[in-house]
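1. sequence and predicted structure, then a few things I'm wondering about:
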Amino acid sequence: MPATIIETNKKAFKRKKVDPITLDIVENAMLNARHEMDAVLFRTAMSPGIREQGDAFPMIANRDGKMVVGQFGSFIHGFLKGFDETIEEGDVFLTSDPYSANGAISHANDWLLLKPIFKDGRIIAWAAMFGHMTDIGGKVPGSLPTDARQIFEEGVVIPPLKIYRKGELQQDVLKLILHNCRLPHWNLSDFNAIVAAIRTAEKRCVELAKRFGDDVYYSALEELLDRNYRAMRKLIQTSVPETKQYFEDYICDDGMGMGPYKIRCAMWREGEKVIFDFAGTDPQSVGPVNFFLNEEMFKMFCGVYMIMVFDPQIMFNDGFYDLMEVRIPEGTLLKPKKPAALSCRTHALGRIFDVLGGLLGQGSPDFLCAAGFSDSPHFMYSGYDKRGEWYQLYQIGFGGVPGKPSGDGPDGHSLWPSFTNVPNEFLESYFPLRIEVYETIADSGGPGLHRGGNALRVGYCFLEPGEISIHDDRWLTYPWGVTGGLPGQRSTKLLVRADGSQELMPSKCDRVVVNSGDILYFDTWGGGGWGDPLKRPVERVEFDVEAGLVTHEGARRYGVVLDKDGKTDQAATKELRAKMAKERGKTKLFDYGGTIEELKARCKAETGLEPPAAPEFPRWLKAAGQAAPKMKLAS
Amino acid sequence: MSYRLGVDVGGTFTDLLLVNEKSGDTFTAKVPSTPQDSSIGVLNGIAKVCNNAGIDPTEITHVMHGTTVATNTMLEGNGATVGLVTTKGYRQVLQIARSYVPGGLGGWVIYNKSNPIAPLALTIEAEERMSAKGEVVRKLDEAKIEAELIRLRDKGIEALTVSLINSYANPANEKKIKRIATRVMPGIPVSLSSEVVPEMQEYERTVTTVANSFVRPKVQTYIRNLHRELTRKMKNVQLHVLRSDGGLAAAKAAEEMPVNLLMSGPAGGVAGAIWVANQAGFPNLLTFDMGGTSTDVCLVQDGKAQLRRETTVGDVTVRASSVDVRTVGAGGGSIAKVPELTKALRVGPESAGAAPGPAAYDLGGEAPTVTDANVTLGYLPAEVRLGGDMTIRKDLAEKAVKSIADALDLTVHEAASGIVDIVNENMFGALRLVSVEQGHDPRDFALIAFGGAGPLHANALGRLMGSWPVIIPPGPGVLCAYGDATTRVRDEASRTFIRKFTDTSVDEVVKTFEDLADTAAKTLDNEGVARKDQSVSYQVDVRYHGQGLQLTVDVDLKQLRKKGLDAIGGPFDEMHRQLFTFALELDKEVVNLRAVLQGKPTKVKAPELKRGGPDPKAAVVAEHKIYADGKMRKAKIYDRAKLKAGNKVAGPAVVMEMDSTTVILPGHTGSVDRFGNILINPDKGGSSAKTRQATATKPVKKVTKASAKTAAGKGKKKATKKKKAVRKRAAA
């Protein structure tokens, strides 16, 4: 049964005509409120994951739960569907269960808080925010076990519940949850910070409704959604063809030695509606790399991507949702059935953006971006220090932003909004480690007319015995290049022991024991190149070589020959470029660096690691005829 | 007799204010600026102001000057070629920065990052390593770095920055490298990160120090030239430069740490506004400085500007204290447009600038700007000009605005009014950032407007904010010179001192404070401020252990000795609660300690206006019509020079002077006070009073009241001081 909303004031809102000026004022004020939520959160949260790296996302929705400002679209409908109690003034809801919230959040580390905003007994808006908790208990520090087979291994999972009931904090519930986490004071202050951010949004919405009147405020939000609908309708008409387009990409492995997993999507337009169909995507994994993709969230990804690529002037919100239909077959990697493990979903989540880019861009290559740093790799380090105190670090990695129509991809940056790196001096003063190297890797960005950004190398030197976890991908498949651009360099992890011996680490692993003096070189991957590298102006290549971002040898991949002082040998360059152009022939729209079969065949020789075995999919899926196994509570 | 002189060099005019140190009497002068060498304009001005006062230039002992040289060098990117030395493994510290991509989800698609101000090609690595505790992990390889430095020198660098990892904990290796550099590249200025900003965070420390190197040669040349020219006429004159944080620095200190001057210009404006408003009896105010392309706002409480621990110029943010001036890209030149897909009305941030300028100026601009909207509405009368050299073409303004009207299906007046409303809303957003978002109720503040366009929009903003009165000071140019002349010599010394409260003691904290105070006092000694005229205050940045933010708490050493660290912890909890609605029961941690020393204030007497009756009709120069609150209305145009103290100017009205125009809206009255300020207030029971109610921000009021109550219990002064913390990053 869905939730019952209790409003003491039954008066209906009246849709009024809102003049365009008032409308713009409301829109700006809502955007300001959203930024203010971020500001409050980042300043008061405590885990480095949220407060330094910004792994948390705010949203404000209208009365019906449609996102008016925010980034990942509204999950309120999914939430309400899975919640069978009342919703009253003063309530604040908390959940971390993807299965109960229809994928509103996609792993249990994300805590989602949601608050209906009441004014005079009626809901006028909703404020929500979710953030990644560094630890929620479970079998490994960080709660993202790379070998989990069920969600129950991944720490405490919070079903949708009222954490504030009519304004009163449910202390016992919070206590129960925190009791199961390794770093409860971080969870608590991050929780407080999210609540403070949501309350900020509440204040601002109520102020706005007071300033303009409830009906005008209500109508303005409706009109903002309509305005977006109209703009997106035009955009879809002009940029999505009626013929079916297909695109597929992969995540390399599942941490259990199997892979790659295919994500396949078709897109076409029927009238004014665009349809995305994920038929052909691999079945769900037995491991934790499944990504429970909420259809509405995917719509937002698409909408935002289209807006950014085709017309960044448009303000995005949920208004266009009716113009999109998303079909995700059940039992697949993107709509796994309970109790599939979900914690390591970051790779598939990131890869969705590459799929989207390829899908939307192939019809209009002028707007096509290369494959980029479509992931947020994790690094974890934990143990007891000399004083017997528990330390636990969770860090997000950075890499190469892809080459794109507007220019080069930045080196060692992030595709994710608001992410920032943690200062190394901060790390060194709070954790027993020293960062020996922090630089981008020359030549790792895919060559192109616009170069892909370079990958990042972080050399972690451990100063205490402990255990590390690694979560990364794109070690087998390449960040592809487009319209003549070449792929970026893949990721590697090398552990150099204090005695000088070297161990290649797999891209996903847990509980690797390290000792004082060991160094882990955590190399992420570069962005793919955009456009023909043979047409990149030689001065740009010279500049990159002088800066150390491209090597002398690497310049030859642009067909540029440099003398020993780094100056271009014009004649040799002309000759080399002509020769390379001839040998290459016509440029490819996509350059994947080889087929999956070829990559697997070359895997051992090129990466030093065994290729993954073909995935075995959960047998119970087939046995149950694609229906979830019956699980009943013993009574 | 000894005199002090405040000098403000603007784009068009150089304003000067001469103050008799004993009597506080003042004299002003205005001369054209000389952009190719501004010291010429300054000297012309000095001749003129001395003539006005009937004194000899040698009687001037102190010259105080706000300068935009550092700011412009940053904005125009034409500073020095900077070489950079980092620790091995960190060569790309500026290239990587904080890995942040602005613009939200998908923002990377359109984000193109600019190159670092110290090019990678001129960045070298030193073999060395300090630990976070300041212990030597690897010794500096001196021979190797010397060879590398020679290579850099031969590439023609003009300034050098040394920024090593953990140098905030132990600067020894940076100092060694400086010694080597001074030997191998004599004459090249060297900036050390451990001296410019000895605080944790390698990127911020490096970028700040590099910025210092980048602007240093230009600033040095400028200050030395000016100083030389001044001493030619006034033998023993002391030159002081206004810093971003509103303090004064001696010429030499300013040359060495020019990164502290990046907000020197705006700081002068704010200081001037504080002084003017203080005379008029308003110690709590919001400053509103609207120019052609951008608007600066700042919150002032108890006569003090809020400070923050960072300064942003263009797309570079550095760690240097500055008055907390927020800038929005909204000004008279901001362009209005209606995008095809959304049909929304947008104003700015694109600006028509000085060229091609607003359509009304007839310099080739055709895009509709805020100025054109103001002309269309009659706020900037085309028919009457008072000494201003700019002609205004109403027909061209209306033609430009019509393109917006057509796209939105509105009348020309409605469209113009919409443009003004939207730009006001953008500026309202900036004013909210410094007020409501910091827990201040804007209704407790007056709004003071200056800058070319400030007085045009101030009444409307006062109405949005509920901030009354709106103060329009006379002569916006001389305001900055007042700021320059009335500022005190100031220096601060700070140190990163990360300790949990449980891991430190009152004695250790007090000792560190005293050492810092001593360091800063010596700087003031060197500037000729006697110890008896120096006053000291202490600040500590605190957070909950593990938190990222820091809140700055003012410390009274006596209280600290008496009550222990609770004298810091208590106010911190209170401030945290006020800003974020909660406090935590966690260990607190000291982050930075700071001692601030100031010289004594200068006595300045404000000139007074002749008294007149309430009726201002003697100042009326024309009858006019303006469009306001949805219709055309009759309005009078006044000449500000003819207004007298006590005059009451009823809106709708337009008050003109040479370099600014004030609009008084219907339902409001501007009263002229004895110093010539126009104080605009809503008429009782008028429509505006109602609007004010509607704008009321009740929840905020509650917070303020609640905290005021708590404050009352704890001693009045403390709790009303609401310092703000370092923002993690400037709001996008």
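-> Now that the structure is in, tell me what you want to look at. Quick caveat, the model's predicted, so the values are computed rather than measured.
2. check the gap between the spatially most central residue of chain A and A:Asp472 for me.
-> Residue closest to the average C-alpha location in chain A (Cα atoms, centre = their mean): A:Gly350, at 4.8 Å. Plainly put, A:Gly350 is 11 Å away from A:Asp472 if you go by Cβ to Cβ, to the nearest Å. Where C-beta positions appear, they are placed from N, C-alpha and C, glycine not excepted.
3. quick check: neighbours shared by these two?
-> A:Asp375 (Cβ atoms under 8 Å, 6 or more residues apart in numbering or on different chains).
4. next SSE downstream of the longest helix belonging to chain B?
-> When chain B is parsed with DSSP state H, its longest helix is helix B:202-233. Going down the chain from helix B:202-233, the next helix or strand is strand B:238-242, by DSSP states H and E.
5. can you give me the offset of the following helix or strand past that following strand from its chain's centre?
-> The C-terminal neighbour of strand B:238-242 among helices and strands, as given by DSSP H and E, is strand B:248-250. Centre-to-centre, strand B:248-250 and its host chain are 16 Å apart (Cα atoms, centre = their mean, to the nearest Å).
6. who's in contact with the helix or strand just after strand B:248-250?
-> Per DSSP H and E, the first helix or strand lying C-terminal to strand B:248-250 is helix B:251-256. Helix B:251-256 is contacted by residues B:216, B:219-220, B:223-224, B:227, B:238-241, B:243, B:260-261, B:491, B:523, B:527 when judged by Cβ under 8 Å, 6+ apart.
7. repeat that with 7 Å
-> Contact with helix B:251-256 is made by B:219-220, B:223, B:227, B:239-241, B:261, B:523, as judged by Cβ atoms under 7 Å, 6 or more residues apart in numbering or on different chains.
8. next: stretch B:106-118.
-> With Cβ under 7 Å, 6+ apart as the test, stretch B:106-118 has contacts from A:304-305, A:308-309, A:312, A:369, A:401, A:404, A:406-407, A:410, A:415, A:417, B:82-84, B:94-95, B:101-103, B:161, B:210-211, B:214, B:315-316.
9. please name the nearest non-neighbouring residue to B:Ser300.
-> If you look again at residue B:300, you'll see it is Val, not Ser. B:Leu285 (4.9 Å; Cβ to Cβ, 6 or more residues apart in numbering or on different chains).
10. count of residues packed around that neighbour?
-> By the criterion of other Cβ atoms under 10 Å in any protein chain shown, B:Leu285 has 27 neighbours.
11. closest residue of the stretch 501-635 of chain A to chain B?
-> A:Ala547 (3.6 Å; Cβ to the nearest Cβ).
12. could the contacts of helix B:251-256 go into CSV alongside pLDDT, neighbour count and distance to chain A?
-> CSV is the format used below for the contacts of helix B:251-256 (pLDDT from 0 to 100; neighbours: other Cβ atoms under 10 Å in any protein chain shown; distance: Cβ to the nearest Cβ, whole Å):
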residue, pLDDT, neighbour count, distance to chain A
B:Val219, 93, 25, 27
B:Gln220, 92, 20, 28
B:Ile223, 93, 21, 33
B:His227, 92, 20, 38
B:Leu239, 91, 24, 37
B:His240, 90, 25, 34
B:Val241, 92, 30, 31
B:Leu261, 93, 30, 26
B:Thr523, 82, 19, 27
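13. now, which of the residues you listed sits nearest B:Ser403?
-> Distance to B:Ser403, by Cβ to Cβ, is smallest for B:Leu261 among the contacts of helix B:251-256, at 41.8 Å.
14. what's the separation between the closest one and B:Ala211?
-> To B:Ala211, B:Leu261 is 11 Å away according to Cβ to Cβ.
15. any low-confidence regions in the stretch 401-550 of chain B?
-> Within the stretch 401-550 of chain B, the segments meeting pLDDT under 70 span B:437-439, B:476-477, B:546-548.
16. where along it do the helices fall?
-> Ranges of helices in the stretch 401-550 of chain B, per DSSP state H, counting those that start in this stretch, are B:412-434, B:454-465, B:476-486, B:506-526.
17. may I have the third one as CSV, with CA atoms only?
-> So that's helix B:476-486. Output in CSV follows, covering the C-alpha atoms of helix B:476-486 (Å, rounded to 0.1, in the frame of the first residue of the first chain):
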residue,chain,number,x,y,z
PRO,B,476,30.6,57.9,-4.6
GLY,B,477,34.2,58.5,-5.6
VAL,B,478,35.4,60.3,-2.5
LEU,B,479,33.9,57.5,-0.5
CYS,B,480,36.8,55.2,-1.2
ALA,B,481,39.3,58.0,-0.3
TYR,B,482,37.5,58.3,3.0
GLY,B,483,38.0,54.6,3.4
ASP,B,484,41.7,54.9,2.7
ALA,B,485,42.2,57.9,5.0
THR,B,486,40.3,56.5,8.0
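18. what's that helix in contact with?
-> Residues from elsewhere that reach helix B:476-486 (Cβ under 7 Å, 6+ apart): B:4-8, B:10, B:13, B:15-17, B:19, B:28, B:30, B:64-66, B:242, B:268-273, B:275-276, B:450-451, B:473, B:602, B:604, B:659-660.
19. over to the second one?
-> Taking Cβ under 7 Å, 6+ apart as the criterion, the residues outside helix B:454-465 that touch it are B:288-290, B:374, B:379-380, B:424, B:427-428, B:431, B:442, B:447, B:449, B:468, B:470, B:472, B:660-665, B:668, B:680, B:688, B:691-692, B:695.
20. buried only: go through those for me.
-> Among the contacts of helix B:454-465, the ones that count as buried by 16 or more other Cβ atoms under 10 Å in any protein chain shown are B:288-290, B:374, B:379-380, B:424, B:427-428, B:431, B:442, B:447, B:449, B:468, B:470, B:472, B:660-665, B:668, B:680, B:688, B:691-692, B:695.
21. taking those residues one by one, which sit in strands?
-> Judged by DSSP state E, strands contain the following of the buried ones among the contacts of helix B:454-465: B:288-290, B:447, B:449, B:470, B:472, B:660-664, B:668, B:680.
22. quick one, what contacts A:Gly446?
-> Per Cβ under 7 Å, 6+ apart, neighbours of A:Gly446: A:370, A:403, A:452, A:479, A:481, A:485-488, A:526-529.
23. same check, this time on A:Gly155
-> Residues in contact with A:Gly155 (Cβ under 7 Å, 6+ apart) are A:108, A:136-138, A:143.
24. pick out the residue of the stretch 101-250 of chain A closest to chain B.
-> Closest point on the stretch 101-250 of chain A to chain B, by Cβ to the nearest Cβ, is A:Ala231, at 4.0 Å.
25. chain center to the helix or strand where that residue lies, what's the gap?
-> Using DSSP H and E, A:Ala231 sits in helix A:214-239. Remark: helix A:214-239 is offset 26 Å from the chain centroid, using Cα atoms, centre = their mean.
26. same question for stretch A:452-459.
-> Centroid displacement of stretch A:452-459 relative to its chain, using Cα atoms, centre = their mean, is 18 Å.
27. measure it end to end?
-> Distance across stretch A:452-459, first residue to last, is 22 Å (Cα to Cα, to the nearest Å).
28. for A:Ile21, which non-adjacent residue is spatially closest?
-> Using Cβ to Cβ, 6+ apart and skipping residues adjacent in sequence, the residue nearest A:Ile21 is B:Gly418, 4.2 Å away.
29. number of residues surrounding the one you found?
-> 25.
30. that one touches A:Asp19, doesn't it?
-> No. Counting by Cβ atoms under 7 Å, B:Gly418 does not reach A:Asp19; the two are 8.1 Å apart.
31. ramachandran coordinates for A:Ala125?
-> The phi/psi pair for A:Ala125 (degrees, to the nearest 10) reads phi -170, psi 170.
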